[in-house]
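Enquirer: Got a predicted model here, sequence first, then my questions.
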Amino acid sequence: MPAVTIRNLSEETHRALKVPAAQHDHSTEAEIRAILDTAVRPDGRVRLGCALAEMSRKIGVTNADVEALEEQRSTSTVEVLLSP
């Protein structure tokens, strides 16, 4: 799992982080992880894969359509590779 080191964190900020950590009954490090998760992955964020799937359902894209596109793409790739 990746690790991050935060240099030059002020003593005041570190102390301030300890308060919500204690309120949530976890370590300062766990509190920082929770804060970062909330900041970069908010609940209301648009998730691209979900948005594309929903759009596809709305316009009526079927598995057969996707398979046809994949077949066309693989055929086109073969033609490009075989071209002089």
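Expert: The structure has been received and is ready for your questions. Keep in mind the model is a prediction, meaning the values are calculated, not measured.
Enquirer: quick one: low-confidence parts of this protein?
Expert: 76-84 (pLDDT under 70).
Enquirer: Report the separation between Ile32 and Ala16.
Expert: Shown here: Ile32 relative to Ala16, a distance of 11 Å by CB to CB, to the nearest Å. C-betas here are computed from N, CA, C, even on glycine.
Enquirer: Do a quick rundown of the helices in this protein.
Expert: 11-23, 28-40, 48-59, 63-82 (DSSP state H).
Enquirer: Quickly list the domain ranges of the protein.
Expert: 11-40, 48-82 (automatic domain parsing).
Enquirer: right, so those domains: which one is the most enclosed?
Expert: Of those, the one with the most neighbours on average (mean count of other CB atoms under 10 Å) is domain 11-40, at a mean of 12.
Enquirer: And it, end to end?
Expert: End-to-end distance of domain 11-40 (CA to CA, to the nearest Å): 24 Å.
Enquirer: ok, back up a step: nearest to Thr5, of the helices of the chain?
Expert: Each of the helices of the chain has some distance to Thr5 by CB to CB; the shortest is helix 28-40, at 11.6 Å.
Enquirer: Show me how far the closest one is from its chain's centre.
Expert: From the chain centre to the centre of helix 28-40 is a distance of 15 Å (CA atoms, centre = their mean, to the nearest Å).
Enquirer: follow-up on the earlier one: reformat the helices of the chain as JSON lines; add distance to Met1.
Expert: Formatted as JSON lines, the helices of the chain follow (distance: least, CB to CB, whole Å):
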{"stretch": "helix 11-23", "distance to Met1": "20"}
{"stretch": "helix 28-40", "distance to Met1": "11"}
{"stretch": "helix 48-59", "distance to Met1": "23"}
{"stretch": "helix 63-82", "distance to Met1": "34"}
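Enquirer: Which one of the ones you listed lies nearest to Ala3?
Expert: helix 28-40 (10.4 Å).
Enquirer: Identify the residues contacting the closest one?
Expert: Around helix 28-40, the neighbours that count as contacts under CB atoms under 8 Å, 6 or more residues apart in numbering are 6, 14, 17-18, 20-21, 24, 26.
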